[in-house]
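Asker: Structure, please.
(one chain, ligands or ions: 1)
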Amino acid sequence: PSIMSGKRGLIMGVANNRSIAWGIAKAAHAHGAELAFTYQGDALKKRVEPLAAELGAEVVGHCDVTDGATIDAVFAEVEKRWGKLDFLVHAIAFSDKDELTGRYVDTTPENFSKSLLISCYSLTAIAQRAEKLMKDGGSLLTLTYYGAEKWMPHYNVMGVAKAALEASVRYLAADLGPQGIRVNAISAGPIKTLAASGIGDFRYILKWNEYNSPLRRTVTIEEVGETAAYLLSDMSRGVTGEIHHVDAGYHVVG
Ligand code: 0WD
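Answerer: Down below sits the predicted model:
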(Lines give C-alpha, C1' and ligand atoms only; values in the text may rest on other atoms or scores of the structure.)
Protein backbone atom coordinates (compact mmCIF):
# COMPACT_ATOMS: atom_id res chain seq x y z
CA PRO A 1 0.00 0.00 0.00
CA SER A 2 1.04 3.57 -0.62
CA ILE A 3 2.45 5.48 2.35
CA MET A 4 -0.42 7.99 2.40
CA SER A 5 -3.37 5.84 1.40
CA GLY A 6 -6.39 6.42 3.62
CA LYS A 7 -5.05 9.84 4.72
CA ARG A 8 -7.05 13.00 4.16
CA GLY A 9 -5.38 16.37 4.16
CA LEU A 10 -5.99 20.08 3.68
CA ILE A 11 -3.57 22.04 1.47
CA MET A 12 -3.42 25.80 2.13
CA GLY A 13 -1.29 28.15 0.01
CA VAL A 14 -1.57 27.09 -3.62
CA ALA A 15 -1.39 30.19 -5.82
CA ASN A 16 -0.49 28.45 -9.10
CA ASN A 17 1.33 25.41 -10.50
CA ARG A 18 4.71 26.80 -9.37
CA SER A 19 3.64 26.95 -5.71
CA ILE A 20 5.50 24.78 -3.23
CA ALA A 21 2.08 23.72 -1.88
CA TRP A 22 1.31 22.35 -5.35
CA GLY A 23 4.49 20.26 -5.36
CA ILE A 24 3.46 18.87 -1.98
CA ALA A 25 -0.10 18.19 -3.15
CA LYS A 26 1.16 16.28 -6.20
CA ALA A 27 3.44 14.09 -4.07
CA ALA A 28 0.79 13.44 -1.40
CA HIS A 29 -1.68 12.47 -4.11
CA ALA A 30 0.86 10.20 -5.81
CA HIS A 31 1.36 8.44 -2.47
CA GLY A 32 -2.37 7.81 -2.10
CA ALA A 33 -3.69 10.74 -0.06
CA GLU A 34 -7.08 12.37 -0.56
CA LEU A 35 -6.85 16.17 -0.66
CA ALA A 36 -8.83 19.35 -0.16
CA PHE A 37 -7.62 22.84 -1.08
CA THR A 38 -8.30 26.37 0.08
CA TYR A 39 -7.66 29.49 -1.99
CA GLN A 40 -7.17 33.11 -1.09
CA GLY A 41 -9.63 35.32 -2.97
CA ASP A 42 -11.49 34.98 -6.27
CA ALA A 43 -8.45 35.59 -8.46
CA LEU A 44 -6.77 32.46 -7.05
CA LYS A 45 -10.01 30.46 -7.07
CA LYS A 46 -9.76 30.29 -10.87
CA ARG A 47 -6.21 28.97 -10.57
CA VAL A 48 -6.77 26.50 -7.75
CA GLU A 49 -9.97 24.86 -9.01
CA PRO A 50 -8.48 23.27 -12.15
CA LEU A 51 -5.37 22.19 -10.22
CA ALA A 52 -7.50 20.51 -7.55
CA ALA A 53 -9.51 18.81 -10.29
CA GLU A 54 -6.27 17.37 -11.75
CA LEU A 55 -5.81 15.46 -8.50
CA GLY A 56 -9.49 14.55 -8.14
CA ALA A 57 -9.58 16.82 -5.09
CA GLU A 58 -12.14 19.17 -3.59
CA VAL A 59 -11.91 22.92 -3.15
CA VAL A 60 -13.35 23.72 0.25
CA GLY A 61 -13.42 27.48 0.03
CA HIS A 62 -11.83 30.87 0.41
CA CYS A 63 -9.50 31.32 3.34
CA ASP A 64 -7.71 34.53 4.21
CA VAL A 65 -5.78 33.81 7.39
CA THR A 66 -6.20 37.41 8.56
CA ASP A 67 -9.95 36.71 8.83
CA GLY A 68 -10.67 34.04 11.45
CA ALA A 69 -14.24 33.60 10.20
CA THR A 70 -12.91 32.32 6.86
CA ILE A 71 -10.64 29.83 8.68
CA ASP A 72 -13.63 28.61 10.71
CA ALA A 73 -15.74 28.28 7.56
CA VAL A 74 -13.13 26.14 5.82
CA PHE A 75 -12.71 23.82 8.79
CA ALA A 76 -16.50 23.51 9.15
CA GLU A 77 -16.60 22.46 5.50
CA VAL A 78 -13.85 19.87 6.03
CA GLU A 79 -15.67 18.52 9.07
CA LYS A 80 -18.89 18.26 7.08
CA ARG A 81 -17.20 16.36 4.25
CA TRP A 82 -14.73 14.16 6.12
CA GLY A 83 -15.60 14.35 9.83
CA LYS A 84 -11.85 14.40 10.62
CA LEU A 85 -8.46 15.45 9.27
CA ASP A 86 -5.15 13.57 9.10
CA PHE A 87 -2.74 16.22 7.84
CA LEU A 88 -2.48 19.86 6.93
CA VAL A 89 -0.01 21.85 4.82
CA HIS A 90 0.49 25.55 5.67
CA ALA A 91 2.38 27.22 2.80
CA ILE A 92 1.43 30.83 3.45
CA ALA A 93 3.53 33.94 3.84
CA PHE A 94 3.27 37.63 3.10
CA SER A 95 5.25 40.84 3.43
CA ASP A 96 4.91 44.18 1.70
CA LYS A 97 7.17 43.96 -1.36
CA ASP A 98 8.60 47.42 -0.66
CA GLU A 99 10.18 46.02 2.50
CA LEU A 100 11.68 42.92 0.83
CA THR A 101 14.49 45.09 -0.43
CA GLY A 102 16.81 47.49 1.32
CA ARG A 103 17.36 47.32 5.07
CA TYR A 104 15.53 45.44 7.84
CA VAL A 105 16.03 48.40 10.14
CA ASP A 106 13.53 50.39 8.04
CA THR A 107 10.63 47.97 8.68
CA THR A 108 7.38 49.79 9.55
CA PRO A 109 5.23 48.67 12.49
CA GLU A 110 2.30 48.13 10.12
CA ASN A 111 4.21 45.74 7.85
CA PHE A 112 5.89 44.06 10.82
CA SER A 113 2.48 43.23 12.31
CA LYS A 114 0.97 42.13 9.02
CA SER A 115 3.97 39.96 8.04
CA LEU A 116 4.09 38.26 11.43
CA LEU A 117 0.31 37.75 11.50
CA ILE A 118 0.13 36.13 8.06
CA SER A 119 3.47 34.34 7.97
CA CYS A 120 3.70 33.19 11.58
CA TYR A 121 0.56 33.50 13.72
CA SER A 122 -1.60 31.93 11.02
CA LEU A 123 0.00 28.53 11.71
CA THR A 124 -1.17 28.78 15.33
CA ALA A 125 -4.64 29.96 14.27
CA ILE A 126 -4.89 26.96 11.96
CA ALA A 127 -3.50 24.54 14.57
CA GLN A 128 -6.27 25.62 16.96
CA ARG A 129 -8.88 24.44 14.46
CA ALA A 130 -6.93 21.41 13.22
CA GLU A 131 -6.51 20.09 16.76
CA LYS A 132 -10.25 19.53 17.02
CA LEU A 133 -10.45 17.67 13.70
CA MET A 134 -7.32 15.51 14.06
CA LYS A 135 -9.20 12.94 16.07
CA ASP A 136 -6.76 10.09 15.36
CA GLY A 137 -3.67 12.28 15.64
CA GLY A 138 -2.18 14.04 12.65
CA SER A 139 0.64 15.89 10.97
CA LEU A 140 0.94 19.65 10.49
CA LEU A 141 3.58 20.95 8.09
CA THR A 142 4.74 24.49 7.39
CA LEU A 143 7.39 26.04 5.12
CA THR A 144 10.32 28.08 6.29
CA TYR A 145 13.57 29.45 4.89
CA TYR A 146 17.22 29.71 5.92
CA GLY A 147 16.75 33.47 6.33
CA ALA A 148 15.27 32.56 9.73
CA GLU A 149 18.68 31.30 10.88
CA LYS A 150 21.09 33.65 9.15
CA TRP A 151 20.97 37.12 7.66
CA MET A 152 20.02 37.01 4.01
CA PRO A 153 20.02 39.99 1.66
CA HIS A 154 16.52 41.53 1.25
CA TYR A 155 14.71 38.86 3.30
CA ASN A 156 14.37 41.37 6.16
CA VAL A 157 11.14 41.13 8.18
CA MET A 158 10.37 37.80 6.55
CA GLY A 159 13.50 36.36 8.21
CA VAL A 160 12.23 37.56 11.57
CA ALA A 161 8.77 36.10 10.81
CA LYS A 162 10.29 32.75 9.82
CA ALA A 163 12.39 32.65 13.01
CA ALA A 164 9.17 33.13 14.98
CA LEU A 165 7.46 30.50 12.82
CA GLU A 166 10.23 27.98 13.56
CA ALA A 167 9.88 28.68 17.30
CA SER A 168 6.11 28.21 16.90
CA VAL A 169 6.71 24.77 15.39
CA ARG A 170 8.51 23.74 18.60
CA TYR A 171 5.86 25.15 20.94
CA LEU A 172 2.99 23.70 18.92
CA ALA A 173 4.76 20.32 18.78
CA ALA A 174 4.94 20.26 22.58
CA ASP A 175 1.32 21.38 23.03
CA LEU A 176 -0.20 18.97 20.52
CA GLY A 177 2.13 15.98 20.99
CA PRO A 178 0.00 14.38 23.72
CA GLN A 179 -2.84 14.08 21.18
CA GLY A 180 -0.55 12.44 18.64
CA ILE A 181 -0.43 15.55 16.47
CA ARG A 182 3.03 16.23 15.03
CA VAL A 183 4.22 19.65 13.86
CA ASN A 184 7.19 20.05 11.53
CA ALA A 185 8.63 22.46 8.98
CA ILE A 186 10.53 22.08 5.76
CA SER A 187 13.19 24.74 5.28
CA ALA A 188 13.19 24.88 1.48
CA GLY A 189 16.00 26.26 -0.64
CA PRO A 190 15.07 29.15 -2.94
CA ILE A 191 12.55 28.29 -5.67
CA LYS A 192 11.16 30.69 -8.26
CA THR A 193 7.50 31.13 -7.22
CA LEU A 194 5.07 34.06 -7.13
CA ALA A 195 5.95 34.87 -3.51
CA ALA A 196 9.70 34.65 -4.24
CA SER A 197 9.41 37.10 -7.12
CA GLY A 198 8.70 39.79 -4.52
CA ILE A 199 12.13 39.35 -2.94
CA GLY A 200 14.84 41.72 -4.19
CA ASP A 201 17.66 40.17 -6.29
CA PHE A 202 16.03 36.73 -6.11
CA ARG A 203 17.77 35.53 -9.27
CA TYR A 204 21.10 36.26 -7.67
CA ILE A 205 20.11 34.21 -4.60
CA LEU A 206 19.16 31.28 -6.87
CA LYS A 207 22.52 31.46 -8.65
CA TRP A 208 24.41 31.76 -5.36
CA ASN A 209 22.74 28.59 -4.08
CA GLU A 210 23.40 26.80 -7.33
CA TYR A 211 27.13 27.57 -7.15
CA ASN A 212 27.59 26.99 -3.42
CA SER A 213 25.26 24.22 -2.23
CA PRO A 214 26.79 20.76 -1.75
CA LEU A 215 24.66 19.36 -4.59
CA ARG A 216 25.65 22.38 -6.77
CA ARG A 217 22.06 23.05 -7.77
CA THR A 218 18.77 24.36 -6.41
CA VAL A 219 15.74 22.24 -5.44
CA THR A 220 12.35 21.72 -7.11
CA ILE A 221 8.82 21.78 -5.74
CA GLU A 222 8.67 18.06 -6.53
CA GLU A 223 11.65 17.41 -4.24
CA VAL A 224 10.09 19.44 -1.44
CA GLY A 225 6.88 17.49 -2.12
CA GLU A 226 8.53 14.09 -1.67
CA THR A 227 10.06 15.10 1.66
CA ALA A 228 6.68 16.52 2.67
CA ALA A 229 5.03 13.18 1.88
CA TYR A 230 7.41 11.56 4.37
CA LEU A 231 6.66 14.17 7.05
CA LEU A 232 2.90 13.96 6.47
CA SER A 233 2.80 10.16 6.50
CA ASP A 234 3.34 7.62 9.28
CA MET A 235 6.85 7.03 7.89
CA SER A 236 7.86 9.97 10.13
CA ARG A 237 5.66 9.02 13.09
CA GLY A 238 8.55 9.50 15.53
CA VAL A 239 9.39 12.98 14.24
CA THR A 240 8.00 16.25 15.61
CA GLY A 241 9.21 19.80 16.26
CA GLU A 242 11.70 19.33 13.42
CA ILE A 243 12.98 21.86 10.88
CA HIS A 244 14.02 19.68 7.95
CA HIS A 245 16.19 21.36 5.29
CA VAL A 246 15.41 20.54 1.67
CA ASP A 247 17.95 22.91 0.19
CA ALA A 248 20.53 20.81 -1.69
CA GLY A 249 22.56 21.05 1.53
CA TYR A 250 23.12 24.82 1.40
CA HIS A 251 22.65 25.20 5.17
CA VAL A 252 25.91 23.35 5.87
CA VAL A 253 27.97 25.85 3.92
CA GLY A 254 26.04 29.15 3.99
O1 0WD B 1 12.00 30.20 -2.43
C2 0WD B 1 10.85 30.01 -2.06
N3 0WD B 1 9.84 30.16 -2.88
C4 0WD B 1 10.62 29.60 -0.64
C5 0WD B 1 9.37 29.69 -0.09
C6 0WD B 1 11.78 29.10 0.14
C7 0WD B 1 11.43 28.70 1.47
C8 0WD B 1 10.18 28.83 1.99
N9 0WD B 1 9.16 29.34 1.21
C10 0WD B 1 7.83 29.44 1.81
C11 0WD B 1 7.13 30.77 1.69
O12 0WD B 1 7.65 31.72 2.62
C13 0WD B 1 5.71 30.37 2.04
O14 0WD B 1 5.57 30.20 3.44
O15 0WD B 1 6.95 28.54 1.19
C16 0WD B 1 5.62 28.97 1.39
C17 0WD B 1 4.90 28.94 0.06
O18 0WD B 1 5.41 29.94 -0.79
P19 0WD B 1 5.63 29.81 -2.37
O20 0WD B 1 5.17 28.52 -2.85
O21 0WD B 1 7.02 30.24 -2.63
O22 0WD B 1 4.74 31.02 -2.92
P23 0WD B 1 3.31 31.18 -3.62
O24 0WD B 1 3.12 30.19 -4.70
O25 0WD B 1 3.19 32.62 -3.99
O26 0WD B 1 2.28 30.84 -2.45
C27 0WD B 1 2.18 31.60 -1.27
C28 0WD B 1 0.71 31.88 -1.04
C29 0WD B 1 0.11 33.16 -1.56
O30 0WD B 1 0.31 33.45 -2.79
P31 0WD B 1 0.54 35.04 -3.19
O32 0WD B 1 1.82 34.97 -3.97
O33 0WD B 1 -0.67 35.33 -3.95
O34 0WD B 1 0.70 35.87 -1.93
O35 0WD B 1 0.38 32.17 0.30
C36 0WD B 1 -0.99 32.54 0.28
C37 0WD B 1 -1.33 32.94 -1.11
O38 0WD B 1 -2.08 31.95 -1.73
N39 0WD B 1 -1.31 33.64 1.14
C40 0WD B 1 -2.38 33.64 1.93
N41 0WD B 1 -3.31 32.68 2.15
C42 0WD B 1 -4.30 32.97 3.00
N43 0WD B 1 -4.40 34.14 3.63
C44 0WD B 1 -2.42 34.89 2.54
C45 0WD B 1 -3.49 35.13 3.43
N46 0WD B 1 -3.64 36.30 4.06
N47 0WD B 1 -1.36 35.63 2.11
C48 0WD B 1 -0.69 34.86 1.25
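Asker: Up against the ligand, what does the stretch 101-250 of the chain have?
Answerer: Residues of the stretch 101-250 of the chain lying close to the ligand by C-beta under 6 Å from any ligand atom are 118, 143, 144, 145, 188, 190, 191, 193, 194, 195, 196. Just so you know, the C-beta spots here come from the backbone N, C-alpha and C atoms, and that holds for glycine as well.
Asker: give me that answer again for 8 Å
Answerer: 118-119, 122, 142-146, 158, 162, 186-196, 198-199, 202, 221 (C-beta under 8 Å from any ligand atom).
Asker: Just the ones of those in helices?
Answerer: Judged by DSSP state H, helices contain the following of those: 122, 158, 162, 202, 221.
Asker: related to what we said a few turns ago, using PyMOL, make a named selection holding only the buried ones among the residues of the stretch 101-250 of the chain next to the ligand.
Answerer: Buried members of those, identified by 16 or more other C-beta atoms under 10 Å, are gathered into one PyMOL selection as follows:
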select buried, resi 118+119+122+142+143+144+145+146+158+162+186+187+188+189+190+191+193+195+196+198+199+202+221
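Asker: picking that back up, can you put the ones in helices among the residues of the stretch 101-250 of the chain next to the ligand in JSON lines and add pLDDT?
Answerer: Listed next are those as JSON lines, based on pLDDT from 0 to 100:
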{"residue": "122", "pLDDT": "98"}
{"residue": "158", "pLDDT": "98"}
{"residue": "162", "pLDDT": "98"}
{"residue": "202", "pLDDT": "92"}
{"residue": "221", "pLDDT": "98"}
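Asker: Max pairwise distance over the residues you listed: which two?
Answerer: Using C-beta to C-beta, the pair of these lying farthest apart is 122 and 202, separated by 22.9 Å.
Asker: Sketch out the helices for the stretch 101-250 of the chain, chain order is fine.
Answerer: All helices of the stretch 101-250 of the chain, identified by DSSP state H, counting those that start in this stretch, fall at 109-116, 122-133, 156-176, 202-212, 221-232.
Asker: and among the ones you listed, the most buried is which?
Answerer: helix 221-232 (a mean of 22; mean count of other C-beta atoms under 10 Å).
Asker: who touches that one?
Answerer: Around helix 221-232, the neighbours that count as contacts under C-beta atoms under 8 Å, 6 or more residues apart in numbering are 3-4, 7, 9, 18-20, 22-28, 30-31, 33, 87, 89, 139, 141, 143, 182, 184, 186, 188, 191, 193, 236, 239, 242, 244, 246.
Asker: thinking again about what came up before, redo the helices of the stretch 101-250 of the chain as TSV? Include distance to residue 71.
Answerer: Shown next, in TSV, are the helices of the stretch 101-250 of the chain (distance: least, C-beta to C-beta, whole Å):
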stretch	distance to residue 71
helix 109-116	17
helix 122-133	6
helix 156-176	16
helix 202-212	30
helix 221-232	20
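Asker: Leaving out sequence neighbours, find the closest residue to the residue most central in space within the chain.
Answerer: With the centre of the chain defined as its mean C-alpha position, the nearest residue by C-alpha atoms, centre = their mean is residue 91, 2.4 Å away. Nearest-residue entry for residue 91: residue 13, 3.1 Å, with adjacent residues in sequence omitted and distances by C-beta to C-beta, 6 or more residues apart in numbering.
Asker: How many neighbouring residues does that neighbour have?
Answerer: Each residue near residue 13 was counted by other C-beta atoms under 10 Å, and the total is 26.
Asker: That one is in contact with residue 19, isn't it?
Answerer: Yes - judged on C-beta atoms under 8 Å, residue 13 makes contact with residue 19 at a distance of 6.5 Å.
Asker: so what's in contact with the two at the same time?
Answerer: Common neighbours of residue 13 and residue 19 (C-beta under 8 Å, 6+ apart) are residue 91.
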